[in-house]
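Participant: Quick one, fold the following:
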Amino acid sequence: MTLYRSTRILLAGAALCAFTGPALALDGQDLLKKINASFATGGTSITADSIEVDGSDVILKGLKLGVEGPAAEKPLALEELTLQGVSEEDDGSYYIERVEFPEVNVTEEKSTFKVQDLYLSGVYVPGDANAEGIDSLMFYEEAHSGPVDVTVDGKPVFSMAEAVGTMGLSEDESTITFEGTVTGVKADLSTVEDPKAKETIAALGLTSLDGNMNMSGSWEVESGTIDIEDYSIDFANVGKLSLAFSMSGYTLDLVKQMQEQARMMQAQPQNEQAQQAAGLAMLGLVQQMSLVDAQIRFEDAGITKRGLDYAGKSQGADGATMGQMVKGMVPLLLAQAKLGALQNEVSAAVNAYIDDPKALTIAAAPANPIAFPMIMGAAMGAPETIPSLIGLKVTAND
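Facilitator: Numbers count the residues shown, from 1 in each chain. Model prediction:
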């Protein structure tokens, strides 16, 4: 596969296309056919009233993007979409330099939704969606969204400055890497009308939110090891919630089987028997995966104290008293969960966190990957064995 070679190679390929002339003119119909073949397992299809080729650009006119499901769902329609800098490789695959989408500006009743600067760059379309390994996957080097604005009754309720997602391929073409950032996320919850909810939001200091999101990871396609290094949401004056995990068994074959089951569920949304059968099949597929490690961490930025103060007020007490009540309740709740020796560790971590809210971490690090069926079986039959089975640890302020 030639995806993500050096810029020199891409330029050479473009030059070659330019000099070969009409004999190797782009086939827009073939390109759309191969895009649809890549989308097929996800139940998505693209149609166009007409396709025009202008040099290295392919122009789709009267484009409709549809997803399999209830007949009442209408496809997304675009008057025109230009695929810029398209080149065809020897293996029948395509490389698209850039796809720019029109600005989204939708108004429904009292709400408006606006998105600007949407584009994809460095898009790879496989020549054969049924090929082995990475050669069968569609990629993009960058997906980008500019400002997003949502208003209700003319008042801003949500906005986002920018979202960027990137993908890459290792030199040996065995691992896909990915990163994503969402910046300038702002939400105004002062418009909530329910009196009780409005009171809670104000007491917790959540009237306005300002934050960012990040994600990074990698996927070894052949071994099926997916590693999410960081998936975090960070809001000012609230806190940062981070998730990291690694699983094995998430192979390309498994992904395609899960997509097929999802398609079957979408195709028969009203058929309860079919939904149950597909759900059981999906559960069976998930059992092919194993847990390598996982971690959930929360770093406090003020929400814990406000939460205790609010909860205490509803009980006729202050936040400090409420904290002591929580510390007393935790051992009782843990005893019901039958977590064995982990109960003392969790109680100690909760006590330390309530006394000085900085960070709370839950981590699982088994000595060897643990198959999910083993974890599920332990949860149902012997929950007290789970901590030792997955190497579970709970710590505070580390």
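
Participant: where along the protein do the helices fall?
Facilitator: 7-20, 28-39, 195-203, 252-267, 272-286, 303-314, 319-337, 342-355, 372-381, 386-390 (DSSP state H).

Participant: Format those as CSV; extra columns: distance to S218.
Facilitator: All C-beta atoms are positioned from the backbone trio N, CA, C, and that covers glycine. Converted to CSV, the helices of the chain look like this (distance: least, CB to CB, whole Å):
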stretch, distance to S218
helix 7-20, 23
helix 28-39, 21
helix 195-203, 38
helix 252-267, 14
helix 272-286, 21
helix 303-314, 32
helix 319-337, 34
helix 342-355, 30
helix 372-381, 21
helix 386-390, 22
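
Participant: quick one, which of the ones you listed is nearest to D398?
Facilitator: Ranking the helices of the chain by proximity to D398 (CB to CB) places helix 342-355 first, at 9.3 Å.

Participant: What are the contacting residues of the closest one?
Facilitator: 304, 308, 323, 326-327, 330-331, 334-335, 337, 339, 359-360, 387, 392-397 (CB atoms under 8 Å, 6 or more residues apart in numbering).

Participant: try stretch 364-380
Facilitator: 248, 286-287, 289-295, 385-386, 389-393.

Participant: ok, back up a step: buried among the contacts of helix 342-355? Make that a ChimeraX selection.
Facilitator: Here is the ChimeraX command that selects the buried residues among the contacts of helix 342-355 (16 or more other CB atoms under 10 Å):
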select :304,308,323,326,327,330,334,339,359,360,387,392,393,394,395,396
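
Participant: What residues sit buried inside stretch 247-259?
Facilitator: Quick answer for stretch 247-259 (16+ other CB under 10 Å): 247-252, 255, 257-258.

Participant: Stretch 165-184 too?
Facilitator: In stretch 165-184, counting by 16+ other CB under 10 Å, buried: 165-167, 169, 175-176, 179-180, 182.

Participant: For K338, give me its contacts.
Facilitator: K338 touches 383-384, counting by CB under 8 Å, 6+ apart.

Participant: do the same with V292
Facilitator: By CB under 8 Å, 6+ apart, the neighbours of V292 are 225, 227, 245-248, 366, 369.

Participant: run the last query once more with 6 Å
Facilitator: 246, 248, 369 (CB atoms under 6 Å, 6 or more residues apart in numbering).

Participant: any idea how far it is from L243?
Facilitator: 14 Å (CB to CB, to the nearest Å).

Participant: now the buried residues of stretch 247-259 as a markdown table including pLDDT?
Facilitator: What follows is those, written out as a markdown table (pLDDT from 0 to 100):
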| residue | pLDDT |
| --- | --- |
| M247 | 95 |
| S248 | 94 |
| G249 | 92 |
| Y250 | 91 |
| T251 | 89 |
| L252 | 85 |
| V255 | 83 |
| Q257 | 81 |
| M258 | 80 |
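
Participant: one step back: apply the buried test to the contacts of stretch 364-380 and list what passes.
Facilitator: 248, 286, 289-294, 385-386, 389-393.

Participant: ok, of the contacts of V292, which one's closest to S159?
Facilitator: Distances from S159 to the contacts of V292, taken by CB to CB, are shortest for S246, at 33.9 Å.

Participant: Give me the neighbour count for that closest one.
Facilitator: Residues near S246, counting by other CB atoms under 10 Å, number 20.

Participant: pretty sure it contacts L291?
Facilitator: No - the pair S246 / L291 is not scored as a contact, 7.9 Å apart, by CB atoms under 6 Å.

Participant: got any ranges where this structure has weak pLDDT?
Facilitator: The chain contains residues with pLDDT under 70 at 1-24, 41-42, 68-73, 266-267.

Participant: hmm, 50 instead?
Facilitator: Applying pLDDT under 50 to the chain flags the ranges 1-23, 71-72.

Participant: on that earlier part again, give me the subset of the contacts of stretch 364-380 lying in strands.
Facilitator: Counted as lying in strands by DSSP state E, out of those, are 248, 290-295, 392-393.

Participant: Tell me how many other residues surround the closest residue to L206 other than its chain neighbours.
Facilitator: Closest residue to L206 apart from its sequence neighbours, by CB to CB, 6 or more residues apart in numbering: L189 at 5.8 Å. Applying other CB under 10 Å, we find 17 residues neighbouring L189.

Participant: hang on, isn't L189 packed against I201?
Facilitator: Yes - counting by CB under 6 Å, L189 does reach I201; the two are 5.0 Å apart.

Participant: who touches both of those two?
Facilitator: What both L189 and I201 touch, as defined by CB under 6 Å, 6+ apart, is the set T207.

Participant: Could you list everything the most centrally placed residue in the chain pairs with in the sheet?
Facilitator: For the chain, M215 is the residue whose C-alpha lies nearest the centre (CA atoms, centre = their mean; 8.4 Å). Judged by DSSP bridges, the bridge partners of M215 are G180, Y231.

Participant: now it: how far from G165?
Facilitator: From M215 to G165 the distance is 8 Å (CB to CB).

Participant: what do those two both touch?
Facilitator: Going by CB under 6 Å, 6+ apart, residues that sit against M215 and also against G165 are G180.
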